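J.: okay, sequence plus prediction incoming.
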Amino acid sequence: MTNALELTFLGTGTSVGVPMIGCDCETCRSTDPRDKRSRCSVSLRTPESAWVVDTGPDFRLQCLRENIRHLDAVLYTHPHMDHLTGFDELRRFTIPEEATMPVYARPSCLAVLERMFSYAFNGENRYRGYLKPEPHPIDGPFWLGKTQITPLPVHHGKVETNGFLFSRDGRKLCAYICDCKVLTPEALDHLRGVDTLIIDALRFTPHFTHMGWQESLAVHAEVKAGRTYFTHMQCEILHARDEATLPPEVRVAYDGLKLSWA
């Protein structure tokens, strides 16, 4: 690869996905492939490393769709089921007996993973083809290859949640915040001047644990992001209709969309 960083939106939908079971709204009936939203996740790749953020229930199909064959790590934002439940699919990336998968998350999120997937964490199943996680509690910035990853604490209901800022050579290339209602002052400071902001924009109707469109637009303006992409969207959002109402530097993400930074 020739780019410093490449990002693919594996999924851009909410916990129930789009189309939603039992819904006959315009978006759920849409034939536009950009309105088909699997559960929220992104993959990132640099010349020296590859990782994903979150592994929801659609993770296997997302990997097949994007031909993901190698991962060096997985990052988790928070322990909600739509971000965790594809965890066991990571075993395809730890096939050799000695292969492990570094797992980066807040201690509280690691505790949930260790409870849900105790068979992987208990050290008793270190065989070829089994998932062999290697826990890395997040307590500050860390590195994957030449990429500095800065955790961004945000408020999302009652659960501890992180966004992530990805920087290379001192450049704030991209920030990913998929589930958020309020950004902490610390997070806002890190976001100022970021090239690309990817942010929760659930719907037009207000929600008590997620940002809506107007809230996300306000964050875009406050941090002066070069460009912003909305993600984690419900079926209130119809891609073609609603993206046309946004400023040109703000776009609606969709499953399979790829971004890159030279």
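T.: Structure received. Predicted model only: the values in this text are computed from it and were never measured.

J.: and for the most centrally placed residue in the chain, nearest residue in space, chain neighbours not counted?
T.: By Cα atoms, centre = their mean, the mean C-alpha position of the chain lies nearest to Ser41, the distance being 3.8 Å. Closest residue in space to Ser41, ignoring its immediate chain neighbours: Leu10 at 4.1 Å, by Cβ to Cβ, 6 or more residues apart in numbering. Every residue, glycine included, has its C-beta placed from N, CA and C.

J.: ok, now which ones touch Arg45?
T.: Shown in contact with Arg45 (Cβ atoms under 8 Å, 6 or more residues apart in numbering): Met1, Leu5, Glu6, Leu7.

J.: what's the answer for Val252, then?
T.: Val252 neighbours (Cβ under 8 Å, 6+ apart): Arg34, Tyr229, Phe230, Met233, Ile237, His239, Asp242, Glu243, Leu246.

J.: need the three-state assignment for the fifth one.
T.: Ile237 carries the three-state label coil when classified by DSSP: H, G, I helix; E, B strand; the rest coil.

J.: correct me, but it touches Thr27?
T.: Yes: the pair Ile237 / Thr27 is scored as a contact, 6.7 Å apart, by Cβ atoms under 8 Å.

J.: can you list residues touching both of the two?
T.: With Cβ under 8 Å, 6+ apart applied, the contact sets of Ile237 and Thr27 do not overlap.

J.: on that earlier part again, and the residue nearest to Ser41, which helix or strand is it part of?
T.: Counting by DSSP states H and E, the element that carries Leu10 is strand 5-11.

J.: which stretches in the stretch 151-262 of the chain count as strands?
T.: For the stretch 151-262 of the chain, the strands defined by DSSP state E, counting those that start in this stretch occupy 159-168, 171-177, 182-183, 196-200, 227-231, 250-252, 258-261.

J.: I'd like to know which of those strands lies nearest to Arg128.
T.: strand 159-168 (31.5 Å; Cβ to Cβ).

J.: identify all contacting residues around the closest one.
T.: 4-5, 44, 46, 53, 75, 77-80, 105-106, 108-109, 138, 146-155, 172-180, 187, 190-191, 194, 261.

J.: now a ChimeraX select for only the buried ones of these.
T.: A single ChimeraX command selects the buried members of the contacts of strand 159-168 (16 or more other Cβ atoms under 10 Å):
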select :4,5,44,46,53,75,77,78,79,80,105,106,109,138,147,148,149,150,151,152,153,154,155,172,173,174,175,176,177,178,179,180,187,190,191,194,261
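
J.: return the subset of the contacts of strand 159-168 lying in helices.
T.: Counting by DSSP state H, the part of the contacts of strand 159-168 found in helices is Ser108, Cys109, Ala187, His190, Leu191.

J.: Val250 pairs with what?
T.: Note on Val250: beta-bridge partners Thr228, judged by DSSP bridges.

J.: contacts for stretch 8-22?
T.: Taking Cβ under 8 Å, 6+ apart as the rule, stretch 8-22 contacts 27-29, 35-44, 52, 56, 58-59, 62-63, 65-66, 80-82, 202, 229, 231-235, 253-259.

J.: buried sites along that stretch?
T.: For stretch 8-22, the neighbour count (16+ other Cβ under 10 Å) marks Thr8, Phe9, Leu10, Gly11, Thr12, Gly13, Thr14, Ser15, Gly17, Val18, Pro19, Met20 as buried.
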